[in-house]
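> One predicted model, sequence on top.
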Number of protein chains: 2
Amino acid sequence: MVELPDKRTAFVDWYLAVVEEANLSDKRYGVKGMNVWTPYGFRARRNLDRILVREIEATGSEPVEFPTLIPATEFAKEKEHIQGFDAQVFWVTKGGLSELDVPLVLRPTSETAIYPVFALWVRSHRDLPLNVYQIVSTFRYETKTTRPFVRVREIHFFEEHTCQLDDDAATARVRSNLGAFRAIAGALGLPYLALRRPEWDKFAGAHYSIAFDAPVGGARTLQLGSVHHYRDNFAKPYGIVYEAPDGTQRHPHQTTFGLSERLLGAVVAVHGDAKGAVFPSSVAPYEVVIVPIPSPDEDGGTARLARTLAERLEHHGRRAFLDGGDERPGAKYYRWELRGVPLRLEVGRREAAAGAVTAVDRLGRKASLPIADLEDGVAARLADFDRALTERAGAAFRASFLPAATLAELAGSDQVRSLGWCGEEACGHAIEQAIDGALLGTPEDPVPWLPGSPPACIACGSTSPVRWAFAAQPM
Amino acid sequence: MVELPDKRTAFVDWYLAVVEEANLSDKRYGVKGMNVWTPYGFRARRNLDRILVREIEATGSEPVEFPTLIPATEFAKEKEHIQGFDAQVFWVTKGGLSELDVPLVLRPTSETAIYPVFALWVRSHRDLPLNVYQIVSTFRYETKTTRPFVRVREIHFFEEHTCQLDDDAATARVRSNLGAFRAIAGALGLPYLALRRPEWDKFAGAHYSIAFDAPVGGARTLQLGSVHHYRDNFAKPYGIVYEAPDGTQRHPHQTTFGLSERLLGAVVAVHGDAKGAVFPSSVAPYEVVIVPIPSPDEDGGTARLARTLAERLEHHGRRAFLDGGDERPGAKYYRWELRGVPLRLEVGRREAAAGAVTAVDRLGRKASLPIADLEDGVAARLADFDRALTERAGAAFRASFLPAATLAELAGSDQVRSLGWCGEEACGHAIEQAIDGALLGTPEDPVPWLPGSPPACIACGSTSPVRWAFAAQPM
């Protein structure tokens, strides 16, 4: 038995212990910040990927894959972008036994890999919109402390890149991405804020950036992903041009949408509890674990029944795991709670004889399920579990914010703070200094639980213009 | 309209033209041999990956993912392996603005990434067998001419790595892999030979290697994948040790199983014809393309019907594409034949009024399908198409071999040659010189259409020992 640190008072230690003890990632690889996806962690990841693929393809995006390596010459074409990434990329300088003529960058993100090819693919307004996405490894030479799923040097990255007719069409694509993210976060039971980042915190090369932030306890937030409107900032240096219906040559406006394995980190951080990880059924490596409880005086009937039930559920499309090992049932319960499986079925002799099994969900709620229609019973319990988990996360979300009226209140804050901000950079930096963190930005859409009119700017007292903004300590 | 080169007389030109014109891969990326997976090519690839995952997981293998970068120190631990790969890896020497203390290798294959971690995962005989696989990008600094899917510098690679109790258990795992490959090749309609490679051509570090070869016209063959038995050649230098039931410490015996995007290259090379690519339905990006044939005097009814049929098929799990564009139907037929879609449905007004559509498969066979049970009709036509395609490939396979009795016959051979070989390396090299290619090796299982007893060694005339072997020109 492992003693987990306390989530409230020692959040980071708790997070690291859960990832390790639930066997989601092995960080004992020989390169710092490059971790091994264990079978259990990988299964969660591929379930997540399925959700991303489903939601992005529902909006008309097509799958592609561009190479991992980017010629230094292409990498350097957009000035702000290269300045933003120069110090954090890995460089390939040798091929075989000889120096390369042109060094290659391991993509930190793929604008500079994709856009030279977009320049070949886009010719006419009939080629637009061009919406493609890929799910690939990206690489950052991270110098800060690394953490599994949250800050790593090899990132499991989802990135959509699009070309649109004009500014309006690109804005519409941004809105479409916000809708896709709503569906993705919904499937994970993760509440979040969609915030337009301040100018000084936008993506390198973007016109503006919207990021999704989830509170993960105290004043801490985790950025779950982001959507960027590039206007023609990249289209110009990369020579992406189309012929408009009127015969003129124009640059498309571009957008991107980025997500990563951080979503799994957020699932652990938001839903996890004192017993370990808690997975919503959508991403759970196994939705159901089946534990036979053999009696000393029986002939293996419960083990056989457990196997039959596992096969029935799998046949029905459920991810079921039969834990038929020699350990005591209690040890198995403990392990699968630690690992966050949504539903446990206990197959005991007496109850089985009466045609039922006991179902216990990861929130500890018990029910007896008739074996005759086990498939329906399991589906209903999982749906109910997902609902309850989402509600629990929603309640924690709403409790994590506190309005602040003065900079002094921000110091040592144990909550994410909502406040008024005039939009001036100097005031923004004053806020960041006061909370020892970041001004996350302003809500992209009205936040229902905030009063409609924001208070005066917390830094300068200006009342016009002023907007609601959030300040926190990003993880 | 594109004129494709002749497949028989200009095979390589034909292959390159088909890959390009079918829009499966874009090779205009800025690094030689690193190509872009277009949406169409990517869809074929993910269908292939689904088959690989299904077949390997059916044999009890678990998904993992190890990092892309390998520390030079780990990479160098197995002597033969490093010698085999030293000259063909990409080196990362810089992170951000500074030189790395330990250079990193972009994995050319993952033995040296995975086995240090296996040394942590394997403790006891109860941890065995350990069967894991990953599907990842691997990298080779290829100096030969590159070709899409067949010889590239960034490879879409499937690799299984296992630890087994002993030599026998590892041999059994090799047999299991051969069975999995039989299922995979079966799903692709690809006939092949499973050949044990000669000593001088085995994988760097292996005890022995079995490779799968498919004839692709003339004396050319394409290696589709391979299975290796490592004994404890890697377990020793990487310190992988388990405690046996009797308390002794032992090294497991290891195996690997490797496949790649070459399987897609083989699908193009083997099944393709004068009209372009031909995909078996298992990997076809789209199984069905639906082409409405509007009449000038109607109100859009055929377009609406075509859309309804596409939705019905998709709802039924079919990958269907509705080509509703403005072009003439003939131009659409031509394009989707070039792109290799198995089945085309033509939705015309008169036939639709009679409750039917015309189905034309990629082998040119027509049928009228009742709309009422279109799902069943499409399933039956696709199954029949797959059968016919597999038969066509099988007939070409059987016709591609010719026995040879003298070295002189090998020169300028236009077929793959079967011959007797005594097993001596000197004779092997003489054979390779004569055919200006490779001695592929000896059949792992009896080949039904070869006489049971092989002729004398084609090089030295020895009759004992002597085995059947194959010689060809690998692509």
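Done, it's in.
> got the contact list for residue A:386?
A:189, A:280-282, A:342 (Cβ atoms under 8 Å, 6 or more residues apart in numbering or on different chains). Quick note: C-beta positions are derived from backbone N, CA and C, even for glycine.
> CA atoms of stretch A:341-349 as PDB?
The C-alpha trace of stretch A:341-349 is given here as PDB (Å, rounded to 0.1, in the frame of the first residue of the first chain):
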ATOM      1  CA  VAL A 341     -11.000   2.600 -13.300                       C
ATOM      2  CA  PRO A 342     -14.600   3.900 -13.300                       C
ATOM      3  CA  LEU A 343     -16.500   0.700 -12.400                       C
ATOM      4  CA  ARG A 344     -15.600  -2.500 -10.600                       C
ATOM      5  CA  LEU A 345     -17.700  -5.600 -10.800                       C
ATOM      6  CA  GLU A 346     -17.400  -8.000  -8.000                       C
ATOM      7  CA  VAL A 347     -18.400 -11.500  -8.900                       C
ATOM      8  CA  GLY A 348     -19.200 -13.500  -5.800                       C
ATOM      9  CA  ARG A 349     -20.700 -17.000  -5.500                       C
END
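> Without its sequence neighbours, what residue ends up closest to residue A:179?
residue A:59 (7.5 Å; Cβ to Cβ, 6 or more residues apart in numbering or on different chains).
> Pretty sure that neighbour sits against residue A:182.
No - counting by Cβ atoms under 8 Å, residue A:59 sits too far from residue A:182 to count as a contact (11.7 Å).
> burial of residue A:350, as a residue count?
If you count neighbours by other Cβ atoms under 10 Å in any protein chain shown, residue A:350 ends up with 10.
> so it sits in a helix?
Yes - under DSSP: H, G, I helix; E, B strand; the rest coil, residue A:350 sits within a helix.
> The stretch 51-200 of chain A against chain B: which residues are in contact?
A:62-71, A:73-74, A:86-97, A:104, A:106, A:113, A:116-117, A:120, A:132, A:136-137, A:139, A:141, A:143, A:154, A:156 (Cβ under 8 Å from any Cβ of the partner chain).
> excluding its backbone neighbours, what's nearest residue A:264?
residue A:149 (5.1 Å).
> Hmm, residue A:277 and the one you found touching each other?
No - between residue A:149 and residue A:277 there is no contact under Cβ under 8 Å: 11.6 Å.
> Mutual contacts of these two, please.
In contact with both residue A:149 and residue A:277: A:24, A:268, using Cβ under 8 Å, 6+ apart.
> Ramachandran angles for the residue nearest to residue A:264?
phi 70, psi -20 (degrees, to the nearest 10).
> In contact with it, which residues?
A:19, A:24-25, A:261-262, A:264-265, A:268.
> Pick out the residue closest to the middle of chain A.
By Cα atoms, centre = their mean, the mean C-alpha position of chain A lies nearest to residue A:263, the distance being 1.9 Å.
> what about that residue, which SS state?
helix.
> Same question for residue A:155.
Classification of residue A:155 using three-state DSSP returns strand.
> in the stretch 351-475 of chain A, what residue is nearest chain B?
The stretch 351-475 of chain A approaches chain B most closely through residue A:375 (19.5 Å), counting by Cβ to the nearest Cβ.
> For residue A:334, the count of nearby residues, please.
16.
> can I assume it sits in a helix?
Yes - assigned with three-state DSSP, residue A:334 falls within a helix.
> There's contact between it and residue A:1 in this structure, I believe.
Yes - the pair residue A:334 and residue A:1 passes the contact test of Cβ under 8 Å, sitting 6.7 Å apart.
> And the nearest residue to the residue of the stretch 351-475 of chain A closest to chain B once chain neighbours are set aside, how close does it get to chain B?
Distance criterion Cβ to Cβ, 6+ apart; nearest residue to residue A:375, sequence neighbours excluded, is residue A:316 at 4.6 Å. Distance, residue A:316 to chain B, by Cβ to the nearest Cβ, to the nearest Å: 16 Å.
> State the number of residues packed around residue A:432.
Residue A:432 has 18 neighbours, counted by other Cβ under 10 Å.
> list the contacts for residue A:345?
A:288-291, A:306, A:309, A:357-359, A:369, A:378.
> What subset of those is buried?
A:288-291, A:306, A:309, A:357-359, A:369, A:378 (16 or more other Cβ atoms under 10 Å in any protein chain shown).
> just the helices in the stretch 151-300 of chain A please.
A:167-188, A:235-238, A:262-271 (DSSP state H, counting those that start in this stretch).
> want to throw the ones you listed into JSON lines with distance to residue A:225 and mean pLDDT?
Conversion of the helices of the stretch 151-300 of chain A to JSON lines gives the following (distance: least, Cβ to Cβ, whole Å; pLDDT from 0 to 100):
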{"stretch": "helix A:167-188", "distance to residue A:225": "6", "mean pLDDT": "98"}
{"stretch": "helix A:235-238", "distance to residue A:225": "23", "mean pLDDT": "97"}
{"stretch": "helix A:262-271", "distance to residue A:225": "7", "mean pLDDT": "98"}
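> Ok, which of those comes nearest residue A:224?
helix A:262-271 (5.5 Å; Cβ to Cβ).
> Convert that closest one to PDB, retaining C-alpha atoms only.
Only the C-alpha atoms of helix A:262-271 are listed here, as PDB (Å, rounded to 0.1, in the frame of the first residue of the first chain):
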ATOM      1  CA  ARG A 262      -1.800  17.900 -20.900                       C
ATOM      2  CA  LEU A 263      -5.400  17.000 -21.200                       C
ATOM      3  CA  LEU A 264      -4.500  13.700 -19.500                       C
ATOM      4  CA  GLY A 265      -2.600  15.600 -16.900                       C
ATOM      5  CA  ALA A 266      -5.700  17.700 -16.400                       C
ATOM      6  CA  VAL A 267      -7.800  14.600 -16.000                       C
ATOM      7  CA  VAL A 268      -5.500  13.400 -13.300                       C
ATOM      8  CA  ALA A 269      -5.200  16.800 -11.600                       C
ATOM      9  CA  VAL A 270      -8.900  17.700 -11.700                       C
ATOM     10  CA  HIS A 271     -10.600  14.400 -11.100                       C
END
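> Could you list every helix and strand in contact with that helix?
Helix A:262-271 sits against helix A:11-21, helix A:39-57, helix A:167-188, strand A:208-215, strand A:220-231, helix A:374-398, with contacts defined as 3 or more Cβ pairs under 8 Å, 6 or more residues apart in numbering or on different chains; DSSP states H and E.
> Of the ones you listed, which is nearest residue B:40?
Of all those, helix A:39-57 comes closest under Cβ to Cβ, at 14.4 Å.
> After that closest one, which helix or strand is next?
Where DSSP states H and E defines the elements, the next helix or strand beyond helix A:39-57 is strand A:62-63.
> other SSEs contacting that next one?
Using 3+ Cβ pairs under 8 Å, 6+ apart, strand A:62-63 sits against strand A:130-139, helix B:39-57.
> quick revisit: who wins for neighbours among the contacts of residue A:149?
For the contacts of residue A:149, neighbours tallied by other Cβ under 10 Å; top is residue A:24, 28 neighbours.
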